[in-house]
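Novice: got a predicted model here, sequence first, then my questions.
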Amino acid sequence: MRFIVAGGGTGGHIYPALAIAGGLKERYPGAEILYIGTSKGMEADIIPKEGLPFKGIEATGLQRKLTLRNFITIWQACRGLCQARGMIRSWRPDVVIGTGGYVCGPVILAAALNRIPTLIHEQNALPGLTNRLLARFATTVAVTFSASEKYFPRQKKIRLTGLPVRPEVLQAEKQEALSNLGIGNGRFVLLSFGGSRGARTINKAMVRVIKLFASDPRIYILHVTGTTGYEEFLSDCAAVGIDTAKAENFRVMSYVYNMQDALAAADLVVSRSGAATLAELTTLGIPAILVPYPYAAENHQEYNARALEKEGAARVVLDSRLDGDMLGDMVADLLVDRGRLSAMALASLKLGRKQALADIINCVDELIQSPGRQ
Ligand SMILES: CC(=O)N[C@H]1[C@@H](OP(=O)(O)OP(=O)(O)OC[C@H]2O[C@@H](n3ccc(=O)[nH]c3=O)[C@H](O)[C@@H]2O)O[C@H](CO)[C@@H](O)[C@@H]1O
């Protein structure tokens, strides 16, 4: 079996695509998978490290106003479509899968023009523009939330699957993860990160949290700044006397490529509330303090976070209210109140949909078996 998987821009589109690629490899041993992304997106860095063949094409988003930039974009879109058609012709995939981001436009369109079955996956309750447009051409639309179904054409085959989590994230073991990360047993592990790109507000608050807990032997803090915020974070630490070079019970990273270990090791997570992050937290049952990104389209991150808060799986702090002392108090409370932490973990696990990946692979299988296939 041969597949093309496309998804790009941010981790929220890339990791579901990687999960699907992993699921395809498990279902069809020997399957060959080509990942198409943009050469400038995060996928160009992440995918080759995952050992998948990667090809980049041109793709950017349209501006809402009519500008000269839009003509350039249309030109790039045409070039991207030609590039995608060339790749599809030479790779000859059985099914093409897209998980959102501009790059999916030319890839799904080219597959549809070549009459190859396609599946697109939507991660958010409010679908992105690319997926809304592409649904007209896709064979199957898989969604995470039933609330998003109304945005897609009615006659389309829509499947409520949930958001696929990478097999390695589902299978990771805590003890092994702790040893991979060099963290001693018995420590309370706090993992903090701001989605795939990092979050300045979380970084600022975490400087204070690290300062508060830097000599507390009960805790180990893994903080991920995001690649653009790393240098600023280090200088903020230096400014308050935290010596990151001599860290004993914390570690600062710009990006984590082995998130399976970081998540498996975590007793508590502080993060933004993007859909892929929340799918990982709930399938693994990790209690969380969530700080929704306030400028996400129609404030969907707060909507995501409140769904976990309502079930007791997470505490929510709005970005505008977040400060280091408050976050430190919340962490300190959960550090001692293990009963509360376990109740949160259980509530989180109840929300998780471990089946999502298998359901999506079943949808792909249906496309392969469908008699109308070219
Ligand atoms: C600002 C914004 O609009 N963000 C959107 C974006 O978030 P974003 O790209 O941040 O995506 P998510 O929070 O959904 O997922 C982040 C993914 O990156 C992984 N990760 C993160 C950091 C790291 O160092 N290593 C790593 O592997 C996480 O494990 C997770 O799989 O896409 C999501 C899914 O469409 C949306 O719900 C978010 O609202």
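Specialist: Thanks, I have it.
Novice: element containing Phe137, please.
Specialist: Here Phe137 is covered by no helix or strand, with elements defined by DSSP states H and E.
Novice: in space, what's closest to it - neighbours in sequence excluded?
Specialist: Nearest residue to Phe137, sequence neighbours excluded (Cβ to Cβ, 6 or more residues apart in numbering): Ala112, at 4.0 Å. Just so you know, the C-beta spots here come from the backbone N, C-alpha and C atoms, and that holds for glycine as well.
Novice: quick check: the gap between that neighbour and Thr38.
Specialist: 20 Å (Cβ to Cβ, to the nearest Å).
Novice: so which of those two has more stuff around it?
Specialist: Taking neighbours as other Cβ atoms under 10 Å, Ala112 and Thr38 compare with Thr38 leading, 22 against 17.
Novice: what does the stretch 1-150 of the chain put close to the ligand?
Specialist: The stretch 1-150 of the chain comes close to the ligand at residues 10-13, 15, 123-124, as judged by Cβ under 6 Å from any ligand atom.
Novice: any idea which of those residues is closest to the ligand?
Specialist: Minimum distance to the ligand across those is 2.0 Å, recorded for Gly12 (Cβ to the nearest ligand atom).
Novice: just the element for the closest one, please.
Specialist: Taking DSSP H and E as the definition, Gly12 sits inside helix 11-27.
Novice: can you tell me which residue of the stretch 51-200 of the chain sits closest to the ligand?
Specialist: Gly195 (2.5 Å).
Novice: that residue: what secondary structure?
Specialist: Here Gly195 is coil, with the state taken from DSSP: H, G, I helix; E, B strand; the rest coil.
Novice: ok, it - contacts?
Specialist: Applying Cβ atoms under 8 Å, 6 or more residues apart in numbering to Gly195 gives the contacts 10-12, 226, 271-272, 274, 277, 293.
Novice: which residues in the stretch 251-374 of the chain form strands?
Specialist: 268-271, 288-290, 314-316 (DSSP state E, counting those that start in this stretch).
Novice: and for the first one, what's in contact with it?
Specialist: Going back to what we said before, that points to strand 268-271. Contacts of strand 268-271 with the rest of the structure, by Cβ under 8 Å, 6+ apart, involve 188-195, 202, 206, 263, 277, 281, 286-291, 327, 331, 334, 341.
Novice: need the contact list for the closest residue to Ala345 other than its chain neighbours.
Specialist: Spatially, and ignoring its direct neighbours in sequence, Ala345 is nearest to Gly285 (4.7 Å; Cβ to Cβ, 6+ apart). Contacts for Gly285 (Cβ under 8 Å, 6+ apart) come out as 345-346, 348-349, 352.
Novice: from the ligand, how far out is Gly285?
Specialist: Using Cβ to the nearest ligand atom, to the nearest Å, we find Gly285 at a distance of 15 Å from the ligand.
Novice: what's the neighbour count on Gln155?
Specialist: By other Cβ under 10 Å, 7 other residues sit near Gln155.
Novice: so which helix or strand takes in it?
Specialist: Using DSSP H and E, Gln155 sits within no helix or strand.
Novice: name the helices or strands packed onto whichever helix or strand Leu81 is part of?
Specialist: Using DSSP H and E, Leu81 sits within helix 68-91. The elements that helix 68-91 packs onto, with contact taken as 3 or more Cβ pairs under 8 Å, 6 or more residues apart in numbering; DSSP states H and E, are strand 2-6, strand 32-38, strand 54-57, helix 104-113.
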